[in-house]
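Trainee: let me see the structure of the following:
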Amino acid sequence: MQIDKGERSQLVLFFRSYAWILIIVFFLVSCSTTRKIEKAPLKEEGAEYLWQQLKNHEFNYNWLTAKYSADYIIDRKKTSFNGQIRIRRDSLIWISISPVLGIEMMRLMISNDSVKYLNRLESVYYSGSFQFIDSLINNTLDFDMLQAFVTGNDFSFYEDSKFRASIDNQEYKLTTIQRHKLRKYLKENQNEIIIPFQDIWLDPSHFKITRVLVRESVEGNRKFEASYSEDVDIDGQLFPSSLSFNIEVDGRRIRLKIRYSKITIDQPVGFPFNIPEKYTRILYQHYTR
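Mentor: Predicted structure coming up:
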């Protein structure tokens, strides 16, 4: 079949106009094929090996400072805020909370056994036990857990010898039941804290924690889940800049999303917490649910 000059010119014009579309389609198909080929099954590894890799790749710091923005969602009602967090590892967590584009409205300072809370909107403050944190989320936490959750690390003061390893959705998974707090870290007259069920998922490329699930087998089936993504390089270490927490208890769901920015480590900072004289001290029961 002969193609005259007019038809040939139209074909040339067509391919000149749409060749970029054909190239993109070919590129996408090629990339998709490559991804499928590269996604080989994970090699099974033992719990001891995975646990050691987890510890080797944890974020190591003594001091940590970061700005953050956050969304707090409960009963489908969302509150957005931002602020700053400061941590002295195994010692103090200091959090400043402000409305979006507003001045500070709240401040928290948390230690191993106490909590101080300053509410500038109502001119009140709280100073007392760690139970205050538990009351906010209707769940049981201690300082070690809270510190781990906000940095993407595992708990430091709990036993680590009873994990079982598996593979789940192309990630490594460590599972344990009845995980006890080490006795040397239990304070006098403190009830022993036990984690009934815990699952930890690890990214196979760098063994960082991508997800943690802590749940209970009691009436109400309380559950606490943390997810980590968007790792950034901080002085040669990977640190999750995006965190998501989901809490389920007594039929209620609480969700907290956090995004970190301007993260610095190992630069000593202060933890200012001055209570104005006109502020009124409040009692713990004001914040129970």
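Trainee: what's the pLDDT at the most centrally placed residue in the chain?
Mentor: Nearest to the geometric centre of the chain sits Leu243, at 3.6 Å (C-alpha atoms, centre = their mean). Predicted confidence (pLDDT) at Leu243: the value is 97.
Trainee: residues touching the closest residue to Gly46 other than its chain neighbours, list them.
Mentor: Distance criterion C-beta to C-beta, 6 or more residues apart in numbering; nearest residue to Gly46, sequence neighbours excluded, is Ala165 at 5.8 Å. Just so you know, the C-beta spots here come from the backbone N, C-alpha and C atoms, and that holds for glycine as well. Contacts for Ala165 (C-beta atoms under 8 Å, 6 or more residues apart in numbering) come out as 44-47, 49-50, 172-174.
Trainee: any idea which of those residues has the most stuff around it?
Mentor: Tyr172 (24 neighbours; other C-beta atoms under 10 Å).
Trainee: please, which helix or strand holds it?
Mentor: Assessed by DSSP states H and E, Tyr172 sits inside strand 171-180.
Trainee: got the buried residues for that strand?
Mentor: 171-176, 179 (16 or more other C-beta atoms under 10 Å).
Trainee: now do stretch 154-163
Mentor: Using 16+ other C-beta under 10 Å as the test for burial, stretch 154-163 gives 154-158, 160, 163.
Trainee: if we only consider the residues you listed, which is nearest to Arg211?
Mentor: Nearest to Arg211 among those: Asp154, at 12.2 Å, using C-beta to C-beta.
Trainee: identify the residues contacting the closest one.
Mentor: When contacts are counted by C-beta under 8 Å, 6+ apart, Asp154 touches 54-55, 58, 148, 160, 200, 209, 212.
Trainee: hang on, Phe81 packs against Glu104?
Mentor: No. At 10.1 Å, Phe81 and Glu104 do not qualify as touching, with contact defined as C-beta atoms under 8 Å.
Trainee: quick one: stretch 194-201 to chain centroid distance?
Mentor: Averaged C-alpha coordinates place stretch 194-201 at 15 Å from its chain's average position (C-alpha atoms, centre = their mean, to the nearest Å).
Trainee: which residues are contacting it?
Mentor: Stretch 194-201 has contacts (C-beta under 8 Å, 6+ apart) with 54, 154, 158, 163, 168, 171-181, 209-218.
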